[in-house]
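A.B. asks: Have a look; sequence and predicted model below, questions after that.
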Amino acid sequence: MPGPSLHTENLTIRFGGHTAVDNVTCAFRPGELTVIVGPNGAGKTTWFNLVSGQLRPSEGRIFKDGQDITGLAPSARAKAGIGRAFQLTNLFPRLSVLENVRLAVQARQGAGPSIMRRAAALHDVRAEAARHLESARLAAVADYPAAALPHGDQRKLEVAMLVAMQPDIYMFDEPTAGMSVDEAPAILDLIAEIKKDTSKTVLLVEHKMDVVRALADRIVVLHNGELVADGKPDEVMALDIVREIYLGVGADEEAA
């Protein structure tokens, strides 16, 4: 079994007297899609923010491939292979759909705009961006401004940009939030495609049980900032503590 691609050790953050993430130790491996669940205020997004660098921990450490990245800025973590998609889309609204993805490809290559770049290289970047749009089912709107897309297509565009960065670790924070029943399957199909690459680690914050059941290899449950359950989906969802805090079903209620 490969070693962990991501490991948090005693990860904790406090805001005043409130502990939002409390001593969370957890490891994640390539080829595994883990869904992180819990009620509102459980600390899921805060934990994500700690891992991707938007927040600095009060205590604890974060490791990627065995290297301590606790002190790295978000941009350095992205270069190290941690890719994050947020609850709210994070696009260049005035640029075209294709240009958004092209910039992601260039950022991965470390190649900014330059008059010295060969035309062939620019063509290759554009062609790769077009392939990502095809995979995301956005080829038909490649020339549209990103701001003109409906919400569901904007989410797909953000995923296409994330894939173009080719991270080792994908982090999705409620990827179907605000999407209609008709829009959500396209995003889930994209994530399922990423999951097929067993060199990648996928972390997903989600509260929709149909999404959890469809994608999860493993479930981690947070409650009041603490890790209270971790394991195979069927095993975790059958635990009394999980059914009570996440599903609102207690043992007495189920027996009745």
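C.D. replies: Yep, it's here.

A.B. asks: Please count neighbours and contacts with C-alpha atoms only from this point.
C.D. replies: Will do.

A.B. asks: Okay, strands next: where are they in the protein?
C.D. replies: Under the criterion DSSP state E, the chain contains strands at 6-15, 18-28, 32-37, 59-64, 67-68, 82-85, 169-173, 201-205, 218-223, 226-231.

A.B. asks: Dump those to CSV, plus mean pLDDT and mean neighbour count.
C.D. replies: Output for the strands of the chain, formatted as CSV (pLDDT from 0 to 100; neighbours: other Cα atoms under 10 Å):
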stretch, mean pLDDT, mean neighbour count
strand 6-15, 97, 19
strand 18-28, 97, 18
strand 32-37, 95, 24
strand 59-64, 98, 19
strand 67-68, 96, 12
strand 82-85, 90, 22
strand 169-173, 94, 23
strand 201-205, 95, 24
strand 218-223, 94, 24
strand 226-231, 95, 18
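
A.B. asks: and the gap between residue 30 and residue 41?
C.D. replies: To residue 41, residue 30 is 28 Å away according to Cα to Cα, to the nearest Å.

A.B. asks: For these two, indicate the residue with more neighbours.
C.D. replies: residue 30 (20 against 13; other Cα atoms under 10 Å).

A.B. asks: ok, the more buried one - contacts?
C.D. replies: Applying Cα atoms under 8 Å, 6 or more residues apart in numbering to residue 30 gives the contacts 2, 4, 5, 198, 199, 200, 201, 202.

A.B. asks: So how do I select the buried members of the residues you listed in PyMOL?
C.D. replies: Per 16 or more other Cα atoms under 10 Å, the buried members of the contacts of residue 30 correspond to this PyMOL selection:
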select buried, resi 4+5+199+200+201+202
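
A.B. asks: With respect to residue 129, which of the contacts of residue 30 is nearest?
C.D. replies: residue 200 (20.2 Å; Cα to Cα).

A.B. asks: Could you pull up phi and psi at that closest one?
C.D. replies: phi -100, psi 150 (degrees, to the nearest 10).

A.B. asks: what's it in contact with, if anything?
C.D. replies: Counted by Cα under 8 Å, 6+ apart, residue 200 has contacts 30, 31, 32, 167, 168, 169, 170, 194.

A.B. asks: Please tell me how far the fourth one sits from residue 16.
C.D. replies: Going from residue 167 to residue 16 by Cα to Cα gives 34 Å.

A.B. asks: and the two? which has more neighbours close in?
C.D. replies: Neighbours of residue 167 and residue 16, each counted by other Cα under 10 Å, are more numerous for residue 167; the result is 20 against 6.

A.B. asks: For residue 239, see how far away the closest residue to that one other than its chain neighbours is.
C.D. replies: Nearest non-adjacent residue to residue 167, counting by Cα to Cα, 6 or more residues apart in numbering: residue 81, 4.3 Å away. Separation of residue 81 from residue 239 (Cα to Cα): 34 Å.

A.B. asks: more crowded one of the two?
C.D. replies: residue 81 (17 against 12).

A.B. asks: Hmm, residue 83 and residue 173 touching each other?
C.D. replies: No - if you go by Cα atoms under 8 Å, residue 173 and residue 83 don't touch, sitting 11.3 Å apart.

A.B. asks: Show me the common contact partners of the two, please.
C.D. replies: Joint contacts of residue 173 and residue 83 (Cα under 8 Å, 6+ apart) do not exist.

A.B. asks: What are the boundaries of the helices in the protein?
C.D. replies: 44-52, 74-79, 97-109, 119-135, 151-164, 184-195, 209-215, 233-237, 240-245, 251-255 (DSSP state H).
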